[in-house]
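Colleague: no FASTA, just this:
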Ligand SMILES: CC(C)(COP(=O)(O)OP(=O)(O)OC[C@H]1O[C@@H](n2cnc3c(N)ncnc32)[C@H](O)[C@@H]1OP(=O)(O)O)[C@@H](O)C(=O)NCCC(=O)NCCS
């Protein structure tokens, strides 16, 4: 019902527990590609777990501690962007993302992340937006760089997932840095037109 256009047939919309079957069908297409990096996709294995996952984000949204949005391309759910952490007391949040492989390479995640970060910074007064990625996850790190984030450091061997011990890179952008980069990008865009 409420959708934000990402251009070229893509939309960002809320995804809710009643959409569990659609979510599961999408996750089945994404599992092999995203599962090694995003536990949420690997842990969603059937209708019950899909509903539980979406309900947990609905509960977090109601408590204002997390949020989940889907990305649709030509009417098909192809990925998502979420606030894994939404800490209003510390004005700090963490964004997580995934796609199914057919939707990669089109800028959907960069565009969707910009929408949710704009909202977090401008509407919700977030000061710090974090992005955590395994050092081995080149594509995720490329998105953090494309968003103008700064690499804060590495939490060495801090996360074990599917038998792999990951070095987790912490990237972030602070509100003044986000606004400055965005204003510069917009000025460059208008000058080019
Ligand atoms: C991480 C992940 C979401 C990144 O997806 P992605 O498609 O590379 O990222 P984007 O959607 O922002 O697209 C960027 C690509 O589209 C291209 N692109 C096209 N139009 C673009 C636009 N308007 N804006 C930005 N990029 C654009 C970019 O050049 C880039 O292409 P490249 O792959 O040749 O470098 C994806 O690889 C994925 O789902 N991986 C598995 C799950 C995962 O790792 N999640 C992150 C956990 S930390």
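Modeller: On my side now, so go ahead. On a predicted model such as this, the values are computed, not experimentally measured, just so you know.
Colleague: mind listing what the residue in the chain that the ligand sits nearest to touches?
Modeller: Using Cβ to the nearest ligand atom, residue 107 is the residue of the chain that sits closest to the ligand, at 2.4 Å. Every residue, glycine included, has its C-beta placed from N, CA and C. Listed by Cβ atoms under 8 Å, 6 or more residues apart in numbering, residue 107 has no contact partners.
Colleague: and the gap between it and residue 154?
Modeller: According to Cβ to Cβ, to the nearest Å, residue 107 and residue 154 sit 27 Å apart.
Colleague: do the same with residue 7
Modeller: In terms of Cβ to Cβ, residue 7 sits 34 Å off from residue 154.
Colleague: out of the two, which sits in the more crowded spot?
Modeller: Between residue 7 and residue 154, residue 154 has the larger neighbour count (other Cβ atoms under 10 Å), namely 13 against 10.
Colleague: just checking, that one touches residue 171?
Modeller: No. With contacts counted by Cβ atoms under 8 Å, residue 154 stays clear of residue 171, the gap being 10.4 Å.
Colleague: list residues touching both of these two?
Modeller: Common neighbours of residue 154 and residue 171 (Cβ under 8 Å, 6+ apart) do not exist.
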